[in-house]
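Engineer: Sequence isn't available, so here's the structure alone:
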């Protein structure tokens, strides 16, 4: 393997970096979003730093850091990954590509995206780089231009020649891309591609038979969490059966069934149904139970007057998925017209999967020192779906005391994973709590808050809440 030579400025960052928000923090690095001053002016950028990692994690943190620097120095120049703007032995700054992760975009039927993805991977391999972590959908980005980009190069390998190790790792990169392609545009797979998908490289087969089983034993058995890998047979078989049953109903004009992570770490199903106003959700649920059986019915059936559609009449699953997973703060950039905005807003306002958040908030507010409380559901990478409580309380009430009260009030299994005590909650002039601001804090997407701020006082209040947030485990890797 080789370390590419770069012409990076090795001077200290100094005033070239303007931090805006910390996006992620773990034992291997801290990731910040901000602005970086280049020779052509300030640009949106992301900083990864390893100067604050614990001593026992430093050797591995440095190793991963150096791999990312080497790979980005090459891949960034190919316009298939963020450009490396600065690097020293503790920090790297890379450009920011506007778009959404494949896990959010869910590009069903989008042949152009996967054509772009194949070209992206071909360019990466021609440059002598294997990514080694492309099984994760969050490492594939769908840019606002519709093209494919790659993220997170900490496990990437750079090669000076195309030896057996490079060919093996490149093959696995391709196999993982084709697995995603099989999921979203299965009809486009060629016979040769199907053979690649079905045949793992020998080291991968060894890992699947040995190391991965130990990994699951430790993570799922010892620590009790899963990695939200999907819903298996539930998604593969129940989803199309439910959609077929719904579209066969005489009062239904259209339907879309989306999967979402539930609090048990599995997959739930959410059915959005465009139907006549005379049809009730209770009637439709009974119809599905009769047609498919109670065990195959979706967790939520949501009847609406209109579903958002493209100009060709296709239902916009990308928007509905954000509703089904409670990521409604990510919807706005996807809206294409005022009429679509009104349709989507009605769906958002009446969405179903709130996991009893109102009842839990009411229980928290029964504490004599609590003035108000808001509980929000958020998609969690490890536990499926989590709950985050923002509690406005009198000074002196600690998080530990509030957690004990929550466990007693609603039970330990139902209580929110995160409880944050705040002096005040952001509100509108009418006094309504601004949950559209609190949700990005709960899901660690705080860089999306800035356009929502309406005053300097609100900015200071929200900044204090964001600085004290509990969830630094970002679901979608940046």
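Structural biologist: Yep, it's here. Predicted model, so just to flag it, every value in this text is computed and none were measured. Numbering: from 1, shown residues only.
Engineer: how is the chain carved up into domains?
Structural biologist: Using automatic domain parsing, the domain parsing of the chain gives 14-95, 99-209, 233-349, 357-467.
Engineer: Columns mean neighbour count and mean pLDDT on top of those, output as a markdown table?
Structural biologist: C-beta here means a position set from N, CA and C on the backbone, and glycine is covered the same way. Converted to a markdown table, the domains of the chain look like this (neighbours: other Cβ atoms under 10 Å; pLDDT from 0 to 100):
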| stretch | mean neighbour count | mean pLDDT |
| --- | --- | --- |
| domain 14-95 | 17 | 90 |
| domain 99-209 | 17 | 91 |
| domain 233-349 | 17 | 88 |
| domain 357-467 | 17 | 89 |
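Engineer: Could you double-check that residue 153 sits in contact with residue 66?
Structural biologist: No - if you go by Cβ atoms under 8 Å, residue 153 and residue 66 don't touch, sitting 10.8 Å apart.
Engineer: got the contact list for residue 164?
Structural biologist: With contacts defined as Cβ atoms under 8 Å, 6 or more residues apart in numbering, residue 164 has no neighbours.
Engineer: so where do the helices sit in the stretch 1-150 of the chain?
Structural biologist: 58-75, 102-105, 111-126 (DSSP state H, counting those that start in this stretch).
Engineer: packing partners for the shortest one?
Structural biologist: Counting contacts by 3 or more Cβ pairs under 8 Å, 6 or more residues apart in numbering; DSSP states H and E, the secondary-structure elements packed against helix 102-105 are strand 140-143, helix 317-324.
Engineer: Switch these over to CSV, and while doing so, append distance to residue 466 to every line.
Structural biologist: Output for those, formatted as CSV (distance: least, Cβ to Cβ, whole Å):
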stretch, distance to residue 466
strand 140-143, 24
helix 317-324, 21
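Engineer: So which of the ones you listed is nearest residue 348?
Structural biologist: helix 317-324 (5.9 Å; Cβ to Cβ).
Engineer: Tell me what angle the longest helix anywhere in the chain forms with helix 111-126.
Structural biologist: Longest helix in the chain by number of residues (criterion: DSSP state H): helix 164-184. Taking axes from the mean of the first three to the mean of the last three Cα atoms, to 10 degrees, one finds that helix 164-184 is oriented at 170 degrees with respect to helix 111-126.
Engineer: following helix 164-184, which helix or strand comes up?
Structural biologist: helix 191-198 (DSSP states H and E).
Engineer: what's the angle from that following helix to helix 111-126?
Structural biologist: Using the same axes, to 10 degrees: helix 191-198 against helix 111-126 is 70 degrees.
Engineer: picking up where we left off before, among the helices of the stretch 1-150 of the chain, which is nearest residue 431?
Structural biologist: That would be, of the helices of the stretch 1-150 of the chain and by Cβ to Cβ, helix 102-105, which comes in at 32.7 Å.
Engineer: Give me the contacts around the closest one.
Structural biologist: Contacts of helix 102-105 (Cβ under 8 Å, 6+ apart): 99, 113, 137-138, 140-142, 180, 318, 321-322, 327, 330, 476.
Engineer: Adding distance to residue 400, write the helices of the stretch 1-150 of the chain out as a markdown table.
Structural biologist: Shown next, in a markdown table, are the helices of the stretch 1-150 of the chain (distance: least, Cβ to Cβ, whole Å):
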| stretch | distance to residue 400 |
| --- | --- |
| helix 58-75 | 30 |
| helix 102-105 | 34 |
| helix 111-126 | 47 |
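Engineer: Among those, which comes closest to residue 406?
Structural biologist: helix 102-105 (30.2 Å).
Engineer: how far out from the middle of the chain is that closest one?
Structural biologist: 7 Å (Cα atoms, centre = their mean, to the nearest Å).
Engineer: go on, stretch 402-416?
Structural biologist: 27 Å.
Engineer: Contacts for it next, please.
Structural biologist: Contacts for stretch 402-416 (Cβ under 8 Å, 6+ apart): 356, 359-360, 363-364, 366-367, 370, 375, 386-389, 391, 393, 419, 421.
Engineer: now the end-to-end length of it.
Structural biologist: End-to-end distance of stretch 402-416: 11 Å, with Cα to Cα, to the nearest Å as the criterion.
Engineer: So which of the helices of the stretch 1-150 of the chain is nearest residue 243?
Structural biologist: Once the helices of the stretch 1-150 of the chain are compared by Cβ to Cβ, helix 102-105 is nearest, at 20.2 Å.
Engineer: Which helix or strand contains the nearest residue to residue 366 once chain neighbours are set aside?
Structural biologist: The spatially closest residue to residue 366, leaving aside those adjacent along the chain, is residue 409, at 6.9 Å (Cβ to Cβ, 6 or more residues apart in numbering). Assigned by DSSP H and E, residue 409 belongs to helix 399-410.
Engineer: What is the next helix or strand after that helix packed up against?
Structural biologist: Going down the chain from helix 399-410, the next helix or strand is strand 418-422, by DSSP H and E. Where contact means 3+ Cβ pairs under 8 Å, 6+ apart, strand 418-422 is packed against strand 384-393, helix 399-410, helix 456-467.
Engineer: Please enumerate residues in contact with the last one?
Structural biologist: By Cβ under 8 Å, 6+ apart, the residues outside helix 456-467 that reach it are 21, 390, 420, 422-424, 426, 437-438, 441, 446, 449, 453.
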